[in-house]
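**Q** Need a 3D model of the following:
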Amino acid sequence: MSTVSAHCIFCDIVKGAAEVSVCYEDTEALAFMDIQPVNPGHTLVVARAHHESLEELPKALGAHLFGVALKLGPVIHKASHAEGMNLIVSSGAAAGQDVYHFHIHLIPRKKGDGFDVQLPFGRSDMPDRTMLDAMAARIISALRDPARAREEGGGKRGAKSGSRNAR
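**A** All right, here's what the predicted structure looks like:
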């Protein structure tokens, strides 16, 4: 569930109450230049509606935001003369999210630019296959949960729950 923050800079931007360099907008999304860019062309794609995290984001809106990112990616790549591109979503404090309004970073990359999102993670030990299988089974089980299916729009509870998150 969303916790109402005292202040959201991205909501200010969406409302036109903050300075921003917009490169894309439609009825559901806004894309603008990051004011602390990793590299020139670093762009943020945000929903006009306030949703704090990936977990709160309605599926259709998430699909739309990623569609915008897919549309902008090649254009930003070309305009910034990038050699590569990172799309990054940080959802939750443990993942490094510092603005609690869901957003996607599009970061043009050049070899040797100093930014590092290194995968595979060097400090990660390869788990035993049984551990991987157990986690996969937990995910499959959660996907098949009949209560979860009702909440996602199959029943009246899902419709009420979804509308409660819209702002």
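**Q** Please count neighbours and contacts with C-alpha atoms only from this point.
**A** Will do.
**Q** Determine the longest strand present in this protein.
**A** strand 103-109 (DSSP state E).
**Q** What's the mean pLDDT across that strand?
**A** In this model, strand 103-109 has a mean pLDDT of 97.
**Q** what's in contact with that strand?
**A** 38-47, 65-66, 69, 73, 76-77, 80, 82-89 (CA atoms under 8 Å, 6 or more residues apart in numbering).
**Q** make it 6 Å
**A** Here strand 103-109 makes contact (CA atoms under 6 Å, 6 or more residues apart in numbering) with 42-46, 82-89.
**Q** Following element in sequence after it, please.
**A** Per DSSP states H and E, strand 103-109 leads on to helix 129-144 as the next helix or strand towards the C-terminus.
**Q** Next, the buried residues of that following helix.
**A** Within helix 129-144, no residue counts as buried by 16 or more other CA atoms under 10 Å.
**Q** which helices and strands sit right next to that helix?
**A** For helix 129-144, there is no helix or strand it packs on, judged by 3 or more CA pairs under 6 Å, 6 or more residues apart in numbering; DSSP states H and E.
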